[in-house]
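okay, here's the prediction I keep looking at, along with the sequence it came from:
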Amino acid sequence: MTRIFIPTTQYPVEIISLTEEHSDIQSVICITNTFNALPVSAAYHAFIRRPTGIIERITGIPSFRADVSGPIDQGDSWQLAMLIAHRLHHKNGFSQNDNYDLPFIWASGQVDINQTVLPIHHIREKLLASKPLFEEINSRGGQLHIALHPDNMADATDIIPNYAICHPLAQEADINQLLSSMLLQHHQNESQNQIDHMESAEQSADTPKRRQANSIFSLTNILSPFCNKGWKRLIAGYGLVTILLFTLQQMIPWHPIHAAMEMEKSGEHVKLIRMLKSYRQDDNIIARLSFLYFEEAYLQQKSDQLIAQIDMQLVWAVANDNASSCENDQMRWHRYTITDANLPSLPQQRCHLYLEIQNRGDNRLALAVAINVNDSGQIIPLLQPAQTQLAPTEHIRHPIHLAEQKPFMILVSSSDHMTTSWYRWFKRWANRPAALTAKKSLKDTGIGVHMAAQDKT
């Protein structure tokens, strides 16, 4: 087994676990035992899933949840450590625990589709930020392996600890060699444990008298702790915890949650809303909390991921200086990517204004769009709610015709269900953007929801 760390310029982040997920679920990176996906989750999903990713091509598994010990905010230098972890996981050679007898891999680098390793920036800062970890591993007798591109290795030779085992990685063959040594060490440790066990058994079988003496001695050693009051309390405590966990497990409504997941997958949103409402009012607190977790960890997370799959941009043109018309050769074009709830101020003298939306995901998406003008608190439709479908990489463009310089807002929903069962909620939300009921119904059933608006001032 091996422990793997992703270095950042602030601290090293350990890969805690890799969990295989259903193919319908997008891959995410989360801080251990939390609901929220980290900002790099979209890039991680592309790193996993065909056709852009390499992990599904190597392992055949299309979706993972990776739990890590701390935030990873940006960049692609996490890719090398994740590739190593996934390949070891595929060979049952990856594990996280507090055992310092395991080898530690500290790896940083970008990886392309052919498993070619590319050099990265800020390697010296990452090594210095990991110095406390290196010293702890060394002080506790652990084995530290550092994996970097040869150029990064050469740039940081003077600050790499002399007790570290260095692995310059440039191509797939270098990665294979590192993984082979890790797996070989793992098998050798297992074999040594088996040999030690066999030798112990042979020594205890030298003579009948020794066997009898050893049996009596072993039985005494085994039974003596159980005569201690502390052990009795410990066993009683473990038994109580086991009974409590079993009872809680029996109280969790597994079958209704599975039925709710099937409703979401088949697009039965009305039935799903009814079930969610009934369990929000359930007298059984365990059932209520279980469905709350299901909503937050599955449905609302899927809603956010569906919005992350689309690229929304405002596109406008202005005439060149001293130009008297908006002919194509006399205009300058501008783009603004919509990533949050705010829209930019726009020049008053414009030639054109469009909303452009592109599907960046791997699956076909149903899309609903509406554009409203906020006139002193009164909502006036500028683009009536409209629904369409986008294939991967396909895009649509909606012209925006503003007669006056009044603040406007854009409302967008996306879904992987090519039905109209959820569209009525979108139309209600578009008519009353400040109302939460329709918007919450969309998000609670796994429909992507996003609204961006200009400042009223």
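Cool, the structure landed. All values reported here derive from a predicted model rather than from experimental measurement.

would you mind finding the longest strand in this protein?
Using DSSP state E, we find that the single longest strand of the chain is strand 378-390.

what's the spacing between it and its chain's center?
Taking C-alpha atoms, centre = their mean, to the nearest Å, the mean C-alpha location of strand 378-390 is offset from the chain mean by 32 Å.

all further residue positions should be reported with the first residue as 57.
With 57 as the first residue, the last one maps to strand 434-446.

the helix or strand following it to strand 434-446, inter-axis angle?
Downstream of strand 434-446, the first helix or strand assigned by DSSP states H and E is strand 451-455. Angle, strand 451-455 to strand 434-446, by axes from the mean of the first three to the mean of the last three C-alpha atoms, to 10 degrees: 150 degrees.

dump the helix or strand just after strand 451-455 to CSV, restricted to CA.
Per DSSP H and E, the first helix or strand lying C-terminal to strand 451-455 is strand 464-471. What follows is strand 464-471, C-alpha atoms only, in CSV (Å, rounded to 0.1, in the frame of the first residue of the first chain):
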residue,chain,number,x,y,z
PHE,A,464,-31.5,43.2,-17.3
MET,A,465,-31.2,39.7,-16.0
ILE,A,466,-30.5,36.3,-17.5
LEU,A,467,-32.1,33.1,-16.2
VAL,A,468,-30.8,29.7,-17.4
SER,A,469,-31.7,26.1,-16.5
SER,A,470,-30.0,22.9,-17.9
SER,A,471,-30.9,19.2,-17.6
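
same for strand 464-471, what does it pack against?
Strand 464-471 is packed against helix 356-364, strand 366-375, strand 421-431, helix 479-487, strand 504-509, with contacts defined by 3 or more C-beta pairs under 8 Å, 6 or more residues apart in numbering; DSSP states H and E. (Each C-beta comes from the backbone N, C-alpha and C, glycine too.)

distance to residue 166 and mean pLDDT added to these, as JSON lines?
Below are the helices and strands packed on strand 464-471 laid out as JSON lines (distance: least, C-beta to C-beta, whole Å; pLDDT from 0 to 100):
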{"stretch": "helix 356-364", "distance to residue 166": "21", "mean pLDDT": "91"}
{"stretch": "strand 366-375", "distance to residue 166": "22", "mean pLDDT": "90"}
{"stretch": "strand 421-431", "distance to residue 166": "29", "mean pLDDT": "90"}
{"stretch": "helix 479-487", "distance to residue 166": "39", "mean pLDDT": "88"}
{"stretch": "strand 504-509", "distance to residue 166": "29", "mean pLDDT": "93"}
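
strands of the stretch 107-256 of the chain, residue ranges please.
Assigned by DSSP state E, counting those that start in this stretch, the stretch 107-256 of the chain shows strands spanning 120-124, 159-163, 166-167, 173-174, 199-204, 221-224.

nearest to residue 320, out of these?
Ranking the strands of the stretch 107-256 of the chain by proximity to residue 320 (C-beta to C-beta) places strand 120-124 first, at 17.8 Å.

what is that closest one packed up against?
Looks like strand 120-124 contacts strand 68-76, strand 84-87, helix 135-146 (3+ C-beta pairs under 8 Å, 6+ apart).

try it again at 10 Å.
The helices and strands touching strand 120-124, judged by 3 or more C-beta pairs under 10 Å, 6 or more residues apart in numbering; DSSP states H and E, are strand 59-63, strand 68-76, strand 84-87, helix 97-104, helix 135-146.

the longest strand of the chain to strand 366-375, inter-axis angle?
Strand 434-446 and strand 366-375 are oriented at 120 degrees to each other (the same axes, to 10 degrees).

buried set for strand 434-446?
Neighbour-count burial for strand 434-446 flags 438-439, 441, 446 (criterion: 16 or more other C-beta atoms under 10 Å).

kindly indicate which of these lies nearest residue 199.
Nearest to residue 199 out of the buried residues of strand 434-446 is residue 446 (C-beta to C-beta; 50.3 Å).

residues in contact with that closest one?
Residues in contact with residue 446, defined by C-beta atoms under 10 Å, 6 or more residues apart in numbering, are 365-366, 413-417, 420-423, 452, 470.

what score does it have for pLDDT?
We have a pLDDT of 90 for residue 446.

next one: it from residue 233, what distance?
According to C-beta to C-beta, to the nearest Å, residue 446 and residue 233 sit 44 Å apart.

residue 177 is in contact with residue 212, correct?
No: if you go by C-beta atoms under 10 Å, residue 212 and residue 177 don't touch, sitting 11.9 Å apart.

those two: which has the busier surroundings?
Using other C-beta atoms under 10 Å as the criterion, residue 212 and residue 177 rank with residue 212 on top: 18 against 11.

same list (the buried residues of strand 434-446) but as JSON lines, adding distance to residue 141.
Output for these, formatted as JSON lines (distance: C-beta to C-beta, whole Å):
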{"residue": "438", "distance to residue 141": "49"}
{"residue": "439", "distance to residue 141": "46"}
{"residue": "441", "distance to residue 141": "45"}
{"residue": "446", "distance to residue 141": "34"}
